[in-house]
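>>> Mind looking at a prediction? Sequence and model below.
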Amino acid sequence: MGDMRIATFNVNSLKARLPIVESFLKSDNAPDILCLQETKCQDENFPVDFFAELGYRCAYSGMKSYNGVAVISRGAPGVITCGFCDGADTEQDRARLIITRFEDLSVVCTYVPQGKSMDSPDFLYKLRFFERLRALFENNFSDSDRLLWTGDINVAKEDIDVTHPDNKRDHVCFCQEVKDALAQVTSWGFVDVFRKHRPNPGEFSFWDYRIKGALERNIGWRIDHLLATPALSNLSRDAYVARELREMERPSDHTAVVGVFGL
């Protein structure tokens with residue numbers, strides 16, 4: 001049984017971050033599966049050849065200028081679906097959710113809406129997004145499946161997942177309402193793989209550009225998650241933040257979070 005590395009990374013424009021992604025995929029700890037969010041790339045412009053030269057296949061769903069998700073993998077995925085497939089999908093839904101399958105492993109990559117403000121229609125869309133995710137898992141999977149739900153989920157679950165939590169109780173990514181919405185999904189049968197291996201505070205995946213020295217001062221959020229069913233979590237060996245990607249030239253405001261599984 002060998003190790004498989006599965007990573008999630010909000011690149012905040014794939015075109016702008018290709019050098020960083022290339023470095024990651026050429027590194028000694030390169031992921032076998034890389035889930036991307038906020039690619040901001042229309043399907044006809046997706047850099048398939050770039051990834052093929054690095055030995056990776058691509059599944060992707062995008063739209064112009066905004067959103068966009070992709071799963072980059074060493075092996076070709078089997079079933080690929082985009083959106084919730086619940087009869088209510090919009091272009092935005094399909095550019096925020098992609099499901100891929102690799103034999104008995106299913107990977108759900110999501111870019112959950114940020115929400116803007118609690119009085120915004122986008123916040124209601126975010127809450128509804130979680131409701132639809134719960135229904136998707138209930139209707140299509142069992143908690144005995146090997147299933148990973150990952151991506152930029154735009155929720156810091158606990159106080160240790162954000163710097164200065166008392167200042168953020170009313171934030172759309174930390175308010176009680178959104179934490180409860182996420183908990184409704186995770187209660188279906190998900191384990192926080194990162195926290196299983198990294199229980200201590202100070203581990204973040206996002207550092208805001210607008211805060212001077214945020215990375216150096218470690219003022220951040222953990223909003224990019226690896227959530228696995230018990231059947232998959234039991235096979236996890238490690239999880240960590242690839243902080244070095246955030247330190248590179250012209251970085252995303254996020255970095256990759258990596259899970260290591262004995263598959």
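Thanks, I have the structure now.

>>> Only C-alpha atoms from now on, for both contacts and neighbour counts.
Noted.

>>> Let me have stretch 10-25 in PDB, keeping just the CA atoms, if that works.
Listed next in PDB are the C-alpha coordinates belonging to stretch 10-25 (Å, rounded to 0.1, in the frame of the first residue of the first chain):
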ATOM      1  CA  ASN A  10      -7.700  28.100  -4.100                       C
ATOM      2  CA  VAL A  11      -5.400  29.600  -6.800                       C
ATOM      3  CA  ASN A  12      -7.300  32.900  -7.200                       C
ATOM      4  CA  SER A  13      -6.700  32.800 -11.000                       C
ATOM      5  CA  LEU A  14      -5.100  29.700 -12.500                       C
ATOM      6  CA  LYS A  15      -3.400  31.700 -15.300                       C
ATOM      7  CA  ALA A  16      -1.700  33.900 -12.700                       C
ATOM      8  CA  ARG A  17      -0.600  31.000 -10.500                       C
ATOM      9  CA  LEU A  18       0.700  28.600 -13.200                       C
ATOM     10  CA  PRO A  19       4.300  29.000 -12.100                       C
ATOM     11  CA  ILE A  20       3.400  28.200  -8.500                       C
ATOM     12  CA  VAL A  21       1.200  25.200  -9.500                       C
ATOM     13  CA  GLU A  22       4.100  24.000 -11.700                       C
ATOM     14  CA  SER A  23       6.500  24.200  -8.800                       C
ATOM     15  CA  PHE A  24       4.100  22.300  -6.600                       C
ATOM     16  CA  LEU A  25       3.500  19.500  -9.200                       C
END
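
>>> who touches it?
For stretch 10-25, the external contacting residues (CA atoms under 8 Å, 6 or more residues apart in numbering) are 30-31, 36-41, 54, 151-152, 245, 248, 250-256.

>>> Buried only: go through these for me.
Among the contacts of stretch 10-25, those classed as buried by 16 or more other CA atoms under 10 Å are 30-31, 36-41, 151-152, 245, 251-256.

>>> what's the longest helix along the chain packed up against?
The longest helix of the chain (DSSP state H) is helix 121-140. For helix 121-140, the packing partners by 3 or more CA pairs under 8 Å, 6 or more residues apart in numbering; DSSP states H and E come out as helix 176-186.
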